[in-house]
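K.L.:
build the 3D model from these lines:
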Amino acid sequence: MKKILTVIGARPQFIKAAVLSRVIANKEDVQEVIVHTGQHFDHNMSDVFFEEMDIPHPDYNLNINGLSHGAMTGQMLEKIEEVLLKEKPDCVVVYGDTNSTLAGALAAKKMHIKVAHIEAGLRSNNIKMPEEVNRILTDRISDLLFCPTNSAVKNLENEGYPNLDCRVYNSGDVMLDAAFYYSKKAQKPRVDLPGRFVVSTIHRGENTDDVRRLNQIFEALEEISLSTPVVLPMHPRTRSCLDRLKYDFAKSNITITDPISYFEMIYLLSNAEMVITDSGGLQKEAFFFKKHCLVARDETEWVELIDHGYNMLCGANVHNIVTNYHEIANSKTKLSFSSDLYGNGEAGQKIYDRICEAMAD
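P.N.:
Numbers count the residues shown, from 1 in each chain. Next up, the predicted model:
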């Protein structure tokens, strides 16, 4: 029996990994071992979380969190290596761009175990982002690179990957598979929602740690809320920064909620008129649910959404955010959102098939 070892460390990665796990669960000749590094410690990841999400419980929980990037990655590398020595997998699968991703890939590569990187080829072209460093290094040492988009494939081609000893595939995006699967489980958040609203999330350090940028974004949200109420699930980092600034929402029409579940976010996306976010994942999910998105960042990995006019890159600028909001809200031309930019919702099966081919070599 062949064995796949999956390394994950953040809640979004559990959702992505669940797509492939559901495919593996139906096979008799492949076993999956799941390692949770503990990178994002989350009290909500209880037994109920795994049962509701139809996600397999981790076989190992390394409980590594709350450290600097170097210390965290180093400890993960050490502990994952111990698991690999014990389990002896045929392939290690990593997702995205976290420290867990890089540590899992490094540990496997040093032991000559095949590495499959899901969400390969993405580039923000901002090397100051830890995520950019992680994804570039992980791509370089991976044997199987599963790209979610054509633009990700082109990034790897431009970097010379056709000349390297690896295989590059456009598998489509596993998060589209997840959106299809979980959309039927959407749950209304336990908060009074306005009849029509914009949903927003702001949490990236580049925005929360910069007083000027944070003020610009929330000034824009306040102005927009006078036209359309804004619902904003508040990340703890953002709340802490706003509390220090003594930010006053009294004059705005912004509904602040505590962090919400994935099912609740699906409900908000399904019912919102637009999305304003600095989240990488939410930019894409807005498209999955046929909603325009204003991106409060200076660059994005999901360039195809900008190129096709579904999303607008606004930075942390009041004028840009507000102007683009009104441009979309008042536009008489409605895009169909019918483009298959991220595949057809069968990425999990495609990835599984290619991994099995590689393990058989």
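K.L.:
thought Lys185 was touching Phe263?
P.N.:
Yes - counting by C-beta atoms under 8 Å, Lys185 touches Phe263, with 5.2 Å between them. C-beta: built from backbone N, CA, C; applies to glycine.
K.L.:
common neighbours of the two, please.
P.N.:
Glu52 (C-beta atoms under 8 Å, 6 or more residues apart in numbering).
K.L.:
the two: which is more packed in?
P.N.:
The residue with more neighbours, out of Lys185 and Phe263, is Phe263; 17 against 14, by other C-beta atoms under 10 Å.
K.L.:
can you tell me the element Lys350 falls in?
P.N.:
Taking DSSP states H and E as the definition, Lys350 sits inside helix 347-360.
K.L.:
which other helices and strands contact that helix?
P.N.:
If you count contacts as 3 or more C-beta pairs under 8 Å, 6 or more residues apart in numbering; DSSP states H and E, helix 347-360 packs onto strand 2-8, helix 11-25, strand 91-95, strand 114-118, strand 144-147, strand 167-170, helix 174-182.
K.L.:
using the three-state scheme, assign the nearest residue to Ala220 once chain neighbours are set aside.
P.N.:
Closest residue to Ala220 apart from its sequence neighbours, by C-beta to C-beta, 6 or more residues apart in numbering: Ile321 at 3.8 Å. Three-state call for Ile321 (DSSP: H, G, I helix; E, B strand; the rest coil): helix.
K.L.:
from Asn207, how far off is Ile321?
P.N.:
For Ile321, the distance to Asn207 (C-beta to C-beta, to the nearest Å) stands at 12 Å.
K.L.:
what touches both of those two?
P.N.:
Listed as contacting both Ile321 and Asn207 by C-beta under 8 Å, 6+ apart are Ile217, Ala296.
K.L.:
test my guess that Gly285 contacts Met175.
P.N.:
In this structure residue 285 is Glu, not Gly. Yes - using C-beta under 8 Å, Glu285 is in contact with Met175, at 6.8 Å.
K.L.:
if you count neighbours, what's buried in stretch 287-300?
P.N.:
Phe287, Phe288, Phe289, Lys291, His292, Cys293, Leu294, Val295, Ala296, Arg297, Thr300 (16 or more other C-beta atoms under 10 Å).
K.L.:
right, I mislabeled it, should have said stretch 163-183
P.N.:
For stretch 163-183, a neighbour-count test (16+ other C-beta under 10 Å) marks 164, 166, 168-179, 181-182 as buried.
K.L.:
can you check stretch 311-325 too?
P.N.:
Buried residues in stretch 311-325 (16+ other C-beta under 10 Å): 311-318, 320-322, 324-325.
K.L.:
mind checking how far Glu52 is from Tyr262?
P.N.:
9 Å.
K.L.:
neighbour count winner among the two?
P.N.:
Remark: of Glu52 and Tyr262, Tyr262 carries more neighbours, 21 against 15, as counted by other C-beta under 10 Å.
K.L.:
how about that one: what's its closest non-neighbour residue?
P.N.:
Leaving aside its sequence neighbours, Tyr262 sits nearest to Ile15 (C-beta to C-beta, 6+ apart; 6.2 Å).
K.L.:
any idea of the mean pLDDT in stretch 224-242?
P.N.:
Averaged across stretch 224-242, the pLDDT comes to 92.
K.L.:
one more: stretch 299-311?
P.N.:
Across stretch 299-311, pLDDT averages out at 94.
K.L.:
which outside residues touch that stretch?
P.N.:
For stretch 299-311, the external contacting residues (C-beta under 8 Å, 6+ apart) are 122-126, 149-151, 280, 283-284, 286-287, 292-295, 312-313, 335, 337, 339, 341.
K.L.:
CA atoms only: put that stretch into PDB for me.
P.N.:
Output of stretch 299-311 as PDB, limited to C-alpha atoms (Å, rounded to 0.1, in the frame of the first residue of the first chain):
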ATOM      1  CA  GLU A 299      -0.300  43.500  -5.100                       C
ATOM      2  CA  THR A 300      -2.100  40.100  -5.400                       C
ATOM      3  CA  GLU A 301      -1.300  36.500  -6.300                       C
ATOM      4  CA  TRP A 302      -4.700  36.200  -8.100                       C
ATOM      5  CA  VAL A 303      -3.800  38.500 -11.000                       C
ATOM      6  CA  GLU A 304      -6.300  36.800 -13.400                       C
ATOM      7  CA  LEU A 305      -9.200  38.200 -11.400                       C
ATOM      8  CA  ILE A 306      -7.800  41.700 -11.900                       C
ATOM      9  CA  ASP A 307      -7.100  41.100 -15.600                       C
ATOM     10  CA  HIS A 308     -10.600  39.900 -16.200                       C
ATOM     11  CA  GLY A 309     -12.300  42.800 -14.300                       C
ATOM     12  CA  TYR A 310     -13.800  40.700 -11.600                       C
ATOM     13  CA  ASN A 311     -11.700  42.300  -8.800                       C
END
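K.L.:
distance from it to the middle of the chain?
P.N.:
Centroid separation between stretch 299-311 and its chain, computed with C-alpha atoms, centre = their mean, to the nearest Å, is 15 Å.
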